[in-house]
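Participant: next input, structure requested:
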Amino acid sequence: MVSGFSRFDCDWVKLTHHRRYAPMRRLYTASNLPEAYLLLHMLETEGIAAQVFNENAQGGVGELPFTHTYPELWVEDYDLQRARGIVEQFEQPKGPLKSFPCVHCGEQNPETFDFCWNCGASMSAY
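Facilitator: Numbers count the residues shown, from 1 in each chain. Below you'll find the predicted structure:
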């Protein structure tokens with residue numbers, strides 16, 4: 001028995017090197033690793049510790065059901081509600097990008113373009 005904890009408490013809180021770990025819950029199943037890591041970094045920016053599981057499971061497709069190889073994000077229990085709020089924001093559809101006509105050729109370009117995709121003219125006038 002660790003000081004102050006019975007063996008039954010260790011099901012919920014592990015003591016390793018005098019550091020406590022709360023139980024973790026699966027927060028999100030991503031369709032690919034870039035999506036998982038994008039969300040992971042959004043969570044970490046908000047101070048929520050998270051872990052990506054199944055990073056290397058794609059190699060098992062064919063031997064494992066493909067749904068078991070998707071990357072998963074797990075967070076500690078006490079951060080679950082805050083993390084769900086961040087996932088909801090992440091999943092919100094983004095509005096359409098505004099587009100502007102090129103001064104040079106008149107072709108429509110998204111607002112994120114620095115140069116016209118058609119003629120290569122600078123879009124810095126916008």
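
Participant: C-alpha from now on. contacts and neighbour counts both.
Facilitator: Will do.

Participant: point me to the helix or strand that includes the spatially most central residue of the chain.
Facilitator: With distances taken as Cα atoms, centre = their mean, L39 lies nearest the centre of the chain, 1.5 Å away. In this assignment (DSSP states H and E), L39 forms part of helix 33-45.

Participant: what sits up against that helix?
Facilitator: Outside helix 33-45, the residues within contact range by Cα atoms under 8 Å, 6 or more residues apart in numbering are 29-30, 49-52, 55, 71-73, 83, 86-87, 90.

Participant: any idea of the mean pLDDT for it?
Facilitator: The average of the pLDDT scores along helix 33-45 is 94.

Participant: now it: how far from the chain's centre is it?
Facilitator: How far helix 33-45 lies from its chain's middle: 3 Å, per Cα atoms, centre = their mean, to the nearest Å.

Participant: now do the strands in the protein.
Facilitator: 14-16, 19-21, 24-29, 50-53, 72-76, 99-101, 108-110 (DSSP state E).

Participant: now do the buried residues in the third one.
Facilitator: If I follow you right, that is strand 24-29. Residues M24, R26, L27, Y28, T29 are the ones in strand 24-29 that count as buried (16 or more other Cα atoms under 10 Å).

Participant: who's in contact with the closest residue to the fourth one other than its chain neighbours?
Facilitator: I take that to be Y28. In space, and not counting its chain neighbours, Y28 is closest to L73: 5.1 Å by Cα to Cα, 6 or more residues apart in numbering. L73 sits next to R26, L27, Y28, T29, A30, A36, L40, A50, Q51, V52, F53 when contact means Cα under 8 Å, 6+ apart.

Participant: just send the contacts of helix 33-45 back as CSV, with pLDDT and distance to C119 too.
Facilitator: Output for these, formatted as CSV (pLDDT from 0 to 100; distance: Cα to Cα, whole Å):
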residue, pLDDT, distance to C119
T29, 92, 41
A30, 92, 38
A49, 91, 46
A50, 92, 45
Q51, 92, 45
V52, 93, 43
E55, 86, 41
P71, 92, 41
E72, 93, 43
L73, 94, 43
A83, 95, 44
I86, 93, 40
V87, 94, 39
F90, 90, 34
